[in-house]
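# sequence below, structure please.
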Amino acid sequence: MAITSEQASAAADILEKIVDNISTVIVGKREQVELIVMSLIAQGHILLEDLPGTGKTTLVRALASTVNCEFSRMQFTPDVMPSDVTGFSIFNQKSNDFEFRAGGIMSNLVLIDEINRASAKTQSALLEAMEERAVTVDGVTHRLEEPFMVLATQNPIEQYGTYPLPEAQLDRFLIKLSMGYPLLDEEVKVVLESKAAKAAIRPVVSAQDIIDLRALAEEVTVSVPLARYAVQVVTSTRTVKECTYGASPRGSLAIVGIARANALMRGRTYVMPDDIKYLAPYVLGHRIALTHEAKINGRTADLVIQTILDSVAVPTVAQQDVSSVSASDVEAIDSLNG
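Residues are numbered from 1 along each chain as shown. The predicted model follows:
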């Protein structure tokens, strides 16, 4: 069943309330806060890459306090074991049986600090949880409670003691963000008000509210021409000469999913091409690898993606309010657009 304008407007009000609440603690970073809330609604995970001390951990804690759900934090270091993430079975002499002790991943919002300081073996322990929303220990699968989201922080790879994330791990993250340093006046406000703001933050929505918003986002309309446009943008990353490899089909699913969440946040019942254009750098930037020659020429992932966006034809039909277009009309429009 398609979402109504009234439902979209009510959802947008709730999402704005969430963003406003987090923004009382995270000063001057409203865009980043909005992207994180969108990712939560799109059922995705986030990779935050930045220098230490830029508010990454504070942002995640503020999100957990706002949503009023379980929160756990894991500090990744080279000696962290996979069992610390997933949990392990221990023999209980009283019951004469093994019992499961949950690991750090068994929570709603999971903050993984400095994910790239752990070994590849430990990082791989996250893959099942991030993709399947479950962990398997000793042959027994344990489901994770919804809403579930991993927010991982990463120091720039040039710093000492860091390991590059494998491609399979990167592909599990919906978007990659950077907080950046605040402006002078914003940092002054942080110095003066940060402690009080953290103490004053209170929940404004429940975990069930997030689950309901996720269900609404899935009903946001994506026309066939617009879906083709999104996929063309993603597949172009696989053929451009400046990339050694491009985004997988998971990238296509990701960009459409978060575009739906973005539309819902704006109170719309349908996705527009501008949603795809805006979100493409965040969704695809960490999913492509530039050639050595492109790096020498000063090209970045964002520049390559912008070149792709400039070259892919935009379906003007998809800019209309497609909430009123029937399924048969969509098929007709699709045939006209080749």
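# buried sites along stretch 196-206?
The neighbour-count check on stretch 196-206 (16 or more other Cβ atoms under 10 Å) flags Ala197, Ile201, Val204, Val205 as buried. Bear in mind the C-beta positions are built from the backbone N, C-alpha and C, glycine included.
# element containing Ile90, please.
If you go by DSSP states H and E, Ile90 is part of strand 87-92.
# buried sites along that strand?
Neighbour-count burial for strand 87-92 flags Gly87 (criterion: 16+ other Cβ under 10 Å).
# what's it packed up against?
Here strand 87-92 touches strand 97-102, strand 134-137, going by 3 or more Cβ pairs under 8 Å, 6 or more residues apart in numbering; DSSP states H and E.
# with just CA atoms, put it into PDB.
Extracted in PDB, the C-alpha atoms of strand 87-92 (Å, rounded to 0.1, in the frame of the first residue of the first chain):
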ATOM      1  CA  GLY A  87      29.600 -13.700  22.200                       C
ATOM      2  CA  PHE A  88      30.600 -17.200  23.300                       C
ATOM      3  CA  SER A  89      29.200 -20.300  25.000                       C
ATOM      4  CA  ILE A  90      30.400 -21.100  28.500                       C
ATOM      5  CA  PHE A  91      29.800 -24.300  30.500                       C
ATOM      6  CA  ASN A  92      27.500 -23.700  33.600                       C
END
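# picking that back up, any idea which of the helices and strands packed on strand 87-92 gets closest to Gly44?
strand 134-137 (16.8 Å; Cβ to Cβ).
# quick check: Thr57 vs Ile26, distance?
Noted for Thr57: a distance of 11 Å to Ile26, by Cβ to Cβ, to the nearest Å.
# so between those two, which is more surrounded?
Using other Cβ atoms under 10 Å as the criterion, Thr57 and Ile26 rank with Ile26 on top: 24 against 17.
# separation between the residue nearest to Glu34 when sequence neighbours are not counted and Ile296?
In this structure, Glu34 finds its nearest non-sequential neighbour in Val19, 5.5 Å apart by Cβ to Cβ, 6 or more residues apart in numbering. Using Cβ to Cβ, Val19 is found at 40 Å from Ile296.
# what about the two, which has more around it?
More crowded of Val19 and Ile296, by other Cβ under 10 Å: Val19, with 19 against 9.
# that one is in contact with Gln32, isn't it?
No: with contact defined as Cβ atoms under 8 Å, Val19 does not reach Gln32; the gap is 10.2 Å.
# pull the contacting residues for the closest residue in space to Arg287 that isn't next to it in sequence.
Closest residue to Arg287 apart from its sequence neighbours, by Cβ to Cβ, 6+ apart: Ala247 at 3.9 Å. Neighbouring residues of Ala247 by Cβ atoms under 8 Å, 6 or more residues apart in numbering: Val234, Thr237, Arg238, Val283, Leu284, Arg287, Ile288.
# who's in contact with the residue lying closest to the third one once chain neighbours are set aside?
Meaning Arg238. Leaving aside its sequence neighbours, Arg238 sits nearest to Gly246 (Cβ to Cβ, 6+ apart; 3.4 Å). Each residue near Gly246 by Cβ under 8 Å, 6+ apart is listed here: Val234, Thr235, Ser236, Thr237, Arg238, Thr239, Val240, Arg287, Ile288.
# cool, Gly251 as well?
Counting by Cβ under 8 Å, 6+ apart, Gly251 makes contact with Asp171, Val234, Thr237, Val283, Leu284, Arg287.
# for those, which one is nearest Ala12?
If you rank the contacts of Gly251 by distance to Ala12 using Cβ to Cβ, Val283 comes first, at 21.3 Å.
# ok, so what distance separates the closest one from Ala125?
Val283 is 24 Å from Ala125, by Cβ to Cβ.
# please apply the same query to Gly267.
For Gly267, the distance to Ala125 - Cβ to Cβ - is 39 Å.
# do Gln232 as well
Going from Gln232 to Ala125 by Cβ to Cβ gives 35 Å.
# could you do Val220 as well?
Using Cβ to Cβ, Val220 is found at 33 Å from Ala125.
# looking at those two, which one has more neighbours?
Ranked by neighbour count (other Cβ under 10 Å), Val220 and Ala125 place Val220 first, with 24 against 20.
# quick one: contacts for Ala64?
Ala64 is in contact with Glu70, Phe71, Asn108, Leu109, counting by Cβ under 8 Å, 6+ apart.
# surely the third one and Pro147 touch.
When you say that, I think you mean Asn108. Yes: assessed by Cβ under 8 Å, Asn108 is found in contact with Pro147 at 5.8 Å.
# any common contacting residues for those two?
The contact sets of Asn108 and Pro147 overlap at Val67, Cys69, Ala207 (Cβ under 8 Å, 6+ apart).
# least confident of the residues you listed?
On pLDDT alone, Cys69 ranks lowest of these, at 88.
# right, and that one touches Ala207 too?
Yes: applying Cβ under 8 Å, one finds Cys69 in contact with Ala207, separated by 4.2 Å.
# tell me which of those two has more neighbours.
Remark: of Cys69 and Ala207, Cys69 carries more neighbours, 22 against 18, as counted by other Cβ under 10 Å.
# where does the more buried one sit: helix, strand or coil?
coil (DSSP: H, G, I helix; E, B strand; the rest coil).
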